[in-house]
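Asks: I'll drop the sequence and a predicted model, then ask my questions.
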Amino acid sequence: MAKTKVRRISANETTARSEQVATASAVPSERVTGPAWAVWILARFPGVRYRYQSWGTTRRVVMAILLYLVALPIIPIVIAAVWYAKDPEGFKKSPLMPVLVAVIAAWLGGFGWVANRTPITDGTPMASVKSSADGETSTANSDPAATATQASKDKIATQQKSNATNGRHFENCTAAFDAGVFDIARNNASYERRLDRDNDGIACEK
């Protein structure tokens, strides 16, 4: 008759196995995707803290970047405001004060630079604002259609009055001058902003 060997399981082995089972049950069935930095950011925003787990890698990365860009300027502003409200003198004397102020100023300056880049007066890249010597600003049009050849200018040099435009649209001011048309006012159906060299409301000026 064969003898059955029975091995006694120690208390330590029982505890270790229990911990392994508990750890295995705590691991989610789906593998967590996405960079660790993206998960770290998403886990700290209330709006997405309990929602990002079902997102894919691309969505996690995109949302983390957007949240980071939003939070980057807000964090130093909130820190500075709370600190100053609680201890104005301590804030002023702290060596960190210039750093916070510099970060806030840099962000505001960068935002202002982006928001106030070269003004576009008519929605096209052809218009730009130039400062004159007296401090006033005038808008210049760099569209080549607003210029005319010397030969076409000579044709209307002695012409006192422009011919009727009849609502025509000219390719450029050379074509307008060749047709005897010049000084097209803004209220004229033939007026086009691209033909207005100095954007003063009169296209193809003589």
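Replies: Nice, I can see it.
Asks: report the helix or strand with the lowest average pLDDT across this structure.
Replies: Ranking every helix and strand in the chain by mean pLDDT, DSSP states H and E puts strand 127-131 at the bottom, with a mean of 47.
Asks: now the element after the longest helix along the chain, going C-ward?
Replies: Using DSSP state H, we find that the single longest helix of the chain is helix 57-86. Downstream of helix 57-86, the first helix or strand assigned by DSSP states H and E is helix 88-93.
Asks: so which elements touch that following helix?
Replies: helix 57-86 (3 or more C-beta pairs under 8 Å, 6 or more residues apart in numbering; DSSP states H and E). (Glycine included, C-beta is placed from N, CA and C.)
Asks: what about 10 Å?
Replies: helix 57-86, helix 96-115 (3 or more C-beta pairs under 10 Å, 6 or more residues apart in numbering; DSSP states H and E).
Asks: sorry, back to before: for the longest helix of the chain, name the packing helices and strands.
Replies: Going by 3+ C-beta pairs under 10 Å, 6+ apart, helix 57-86 lies up against helix 36-42, helix 88-93, helix 96-115.
Asks: that helix: which residues count as buried?
Replies: Within helix 57-86, the residues scored as buried using 16 or more other C-beta atoms under 10 Å are 60-61, 63-64, 67, 73, 76, 80, 83.
Asks: which one of those residues is nearest Pro98?
Replies: Ala80 (11.0 Å; C-beta to C-beta).
Asks: distance check, the closest one against Pro46.
Replies: Per C-beta to C-beta, to the nearest Å, Ala80 is found 22 Å from Pro46.
Asks: what does Val82 give?
Replies: According to C-beta to C-beta, Val82 stands 18 Å off from Pro46.
Asks: Thr174 touches Ala148, doesn't it?
Replies: Yes - if you go by C-beta atoms under 10 Å, Thr174 and Ala148 touch, sitting 4.5 Å apart.
Asks: what do the two both touch?
Replies: 155, 204 (C-beta atoms under 10 Å, 6 or more residues apart in numbering).
Asks: okay, the two: which has more neighbours?
Replies: Legend: neighbour count by other C-beta atoms under 10 Å for Thr174 and Ala148, higher for Ala148 (23 against 20).
Asks: in this protein, where is pLDDT below threshold?
Replies: For the chain, applying pLDDT under 70 flags the ranges 1-34, 71-73, 107-143.
Asks: switch the cut-off to 90
Replies: Low-confidence segments of the chain, defined by pLDDT under 90: 1-155, 157, 167, 193-194, 197-201, 206.
Asks: please parse it into its domains.
Replies: 36-115, 127-203 (automatic domain parsing).
Asks: most packed of these?
Replies: Most buried of the domains of the chain, by mean neighbour count (mean count of other C-beta atoms under 10 Å): domain 127-203, with a mean of 15.
Asks: tell me the contacts of the closest residue to Ser152 other than its chain neighbours?
Replies: Once flanking residues are discounted, Ser152 sits nearest to Phe177: 3.7 Å by C-beta to C-beta, 6 or more residues apart in numbering. By C-beta under 10 Å, 6+ apart, the contact set of Phe177 is 148-149, 151-157, 159, 162, 170, 204, 206.
Asks: looking at those residues, which one is closest to Val181?
Replies: Comparing those against Val181 with C-beta to C-beta places Ser162 closest, at 5.3 Å.
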